[in-house]
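Student: this one's sequence-less:
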């Protein structure tokens, strides 16, 4: 006999579990949503203990204080996992957006001291309390759009105490907010004006990484490897130093030019290579033969007016493709994973089922959390989203409209659907 359950969802017209995969989905398997019609799901103490048709839920024993949620025939999906965000920052870059509309490029603006360095100046000047307040409100908006787990990077202070302050904010938010956060150290986001690139890489490797690891503030170490950022050689130094201190590698790769960042990610055993707008065929082949996920960020391509990443070529080659928002103040100021899924379909010609898988299960693999989240399976967290529709494809078609009716985090309704 099953123990009492404290959460029960019934009558999901389509319950898309995405269950059954041992690793990230690839190729045709990206379209396998593991759908249960008129589905039900039960949880105890935040973990899923049973999934099946609603008719089968009659044998379950509900605790006296259990929450029962009737989906009323609506579609239910796993909570979105956002594997690439720049959550913590201060300031505004609206003026730069206007400059780009007038013809200035991202790289031209950066060369004049704008871009990342503009946000660095504002974030350095902000207190930890200010950064905490700003980031908390952003997480609230993310939650309303269905995100239940997100990665969060540092990288907008580019000096030791500021980077530590950013990561401490992430730690506090992970403790106090319903969204689970996975922290990433991105000290090598850009070169601050007081350093040359090699000197700054030395600081990152010799002082910042040991301090971050010493406080247990990050799970990953990231680096921006691209034209105008860090060379592959510099990026490799950073990632090796991170690995030596127990930080798993991730990489911003091949966004503006092909620097062999995808190949470097594979050689380093990175959890993910992100952006990849300019990835080469050799890079695609390397990713396809590896466990490194390709995190595609179509919001950035749209906002910068750049060609989208070659998602179809990657999928056909067998790359494990994931999706993220790249939420940041200058090049992708969106918090909405549904909007990213819509762009993946319209801009990168992904099938709606591929986009949903890439934004949940594969995204969880890209941040090392697939054993906990990303699909609805017995033993995993009961993180799920109830949509306002009975067809998940409406989520991608209704671009710019939030169709999230409610969000359940660890078996508790945290927004809507009460």
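Tutor: Looks like it arrived, so ask away. Bear in mind the structure is a predicted one, so any value in this text is a computation, not a measurement.
Student: In the lowest-mean-pLDDT helix or strand in the chain, which residues are buried?
Tutor: When each helix and strand of the chain is scored by mean pLDDT, DSSP states H and E, helix 106-111 comes last, with a mean of 84. Residues 106, 109-110 are the ones in helix 106-111 that count as buried (16 or more other Cβ atoms under 10 Å). Bear in mind the C-beta positions are built from the backbone N, C-alpha and C, glycine included.
Student: what's in contact with that helix?
Tutor: Residues from elsewhere that reach helix 106-111 (Cβ atoms under 8 Å, 6 or more residues apart in numbering): 96, 99-100, 115-117, 190, 227-228, 256, 304, 331.
Student: just for the protein, where's the confidence low?
Tutor: 1-2, 417-418 (pLDDT under 70).
Student: mind giving me the domain ranges of it?
Tutor: 5-78+375-416, 81-366 (automatic domain parsing).
Student: For the ones you listed, state which one has the densest average packing.
Tutor: domain 81-366 (a mean of 22; mean count of other Cβ atoms under 10 Å).
Student: what's the span of stretch 210-228 from first residue to last?
Tutor: 26 Å (Cα to Cα, to the nearest Å).
Student: shift numbering so it begins at 15
Tutor: Shifting the count to begin at 15 puts that one at stretch 224-242.
Student: coming back round to it: now for the very next helix or strand once past the least confident helix or strand of the chain, which elements pack on it?
Tutor: Moving toward the C-terminus from helix 120-125, the first helix or strand encountered (DSSP states H and E) is helix 130-139. Other helices and strands packing on helix 130-139, by 3 or more Cβ pairs under 8 Å, 6 or more residues apart in numbering; DSSP states H and E, are helix 174-190.
Student: mind listing what whatever helix or strand comes next after the helix it packs on pairs with, with the direction of each?
Tutor: Counting by DSSP H and E, the next helix or strand C-terminal to helix 174-190 is strand 194-202. Here strand 194-202 is paired, per DSSP bridges, with strand 161-167 (parallel), strand 234-239 (parallel).
Student: one step back: just the buried residues of helix 120-125 now: which is nearest residue 22?
Tutor: Of all those, residue 120 has the smallest distance to residue 22: 48.9 Å, by Cβ to Cβ.
Student: quick one: contacts for the residue nearest to residue 238 when sequence neighbours are not counted?
Tutor: By the measure of Cβ to Cβ, 6 or more residues apart in numbering, the closest residue to residue 238 outside its immediate chain neighbours is residue 266, 4.2 Å from it. Neighbouring residues of residue 266 by Cβ under 8 Å, 6+ apart: 236-240, 243, 275, 288-289.
Student: now residue 297
Tutor: Applying Cβ under 8 Å, 6+ apart, the residues near residue 297 are 267-268, 272, 274-277, 287, 290.
Student: Pipe the residues you listed into JSON lines and attach distance to residue 189 per row.
Tutor: Below are the contacts of residue 297 laid out as JSON lines (distance: Cβ to Cβ, whole Å):
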{"residue": "267", "distance to residue 189": "31"}
{"residue": "268", "distance to residue 189": "35"}
{"residue": "272", "distance to residue 189": "40"}
{"residue": "274", "distance to residue 189": "39"}
{"residue": "275", "distance to residue 189": "33"}
{"residue": "276", "distance to residue 189": "35"}
{"residue": "277", "distance to residue 189": "38"}
{"residue": "287", "distance to residue 189": "30"}
{"residue": "290", "distance to residue 189": "33"}
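Student: now, which of those lie within helices?
Tutor: 275-277 (DSSP state H).
Student: ok, residue 338 touching residue 100?
Tutor: No: counting by Cβ atoms under 8 Å, residue 338 stays clear of residue 100, with 10.7 Å between them.
Student: from what I can see residue 136 touches residue 128, true?
Tutor: No: with contact defined as Cβ under 8 Å, residue 136 does not reach residue 128; the gap is 11.7 Å.
Student: residues in contact with residue 17?
Tutor: Contacts of residue 17 (Cβ under 8 Å, 6+ apart): 58, 63, 75.
Student: same thing but 7 Å
Tutor: Taking Cβ atoms under 7 Å, 6 or more residues apart in numbering, we find residue 17 in contact with residue 58.
Student: do residue 183 as well
Tutor: Residue 183 makes contact with 102, 142, 145-146, 149, according to Cβ under 7 Å, 6+ apart.
Student: now the helix or strand harbouring residue 358 and strand 161-167, what's the angle there?
Tutor: For residue 358, the host element (DSSP H and E) is helix 351-362. Angle, helix 351-362 to strand 161-167, by axes from the mean of the first three to the mean of the last three Cα atoms, to 10 degrees: 80 degrees.
Student: Contacts only, for residue 218.
Tutor: 201-202, 252.
Student: between the residues you listed, which is nearest residue 35?
Tutor: Nearest to residue 35 out of these is residue 252 (Cβ to Cβ; 31.6 Å).
Student: host element of the closest one?
Tutor: Assigned by DSSP H and E, residue 252 falls within helix 246-258.
Student: Could you dump the strands paired with strand 194-202 into a markdown table and include distance to residue 67?
Tutor: Output for the strands paired with strand 194-202, formatted as a markdown table (distance: least, Cβ to Cβ, whole Å):
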| stretch | distance to residue 67 |
| --- | --- |
| strand 161-167 | 24 |
| strand 234-239 | 39 |
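Student: returning to that earlier point: which of the contacts of residue 297 lies closest to residue 381?
Tutor: Nearest member of the contacts of residue 297 to residue 381, counting by Cβ to Cβ, is residue 287, at 13.2 Å.
Student: Just the strands from the stretch 15-164 of the chain, written as ranges.
Tutor: Remark: strands assigned in the stretch 15-164 of the chain by DSSP state E, counting those that start in this stretch are 19-30, 49-58, 61-67, 76-84, 89-92, 94-96, 161-167.
Student: what does the shortest one contact?
Tutor: Think strand 94-96. Here strand 94-96 has contacts from 160-165, 338-339, 351, 373-374, 377-378, 383, 387-388, 399, using Cβ under 7 Å, 6+ apart.
Student: Leaving out sequence neighbours, find the closest residue to residue 304.
Tutor: residue 280 (4.4 Å).
Student: ok, that neighbour - contacts?
Tutor: Going by Cβ under 7 Å, 6+ apart, residue 280 touches 300-301, 304, 306.
Student: Give me the distance between the nearest residue in space to residue 77 that is not next to it in sequence and residue 163.
Tutor: Leaving aside its sequence neighbours, residue 77 sits nearest to residue 18 (Cβ to Cβ, 6+ apart; 4.2 Å). Residue 18 is 27 Å from residue 163, where distance means Cβ to Cβ, to the nearest Å.
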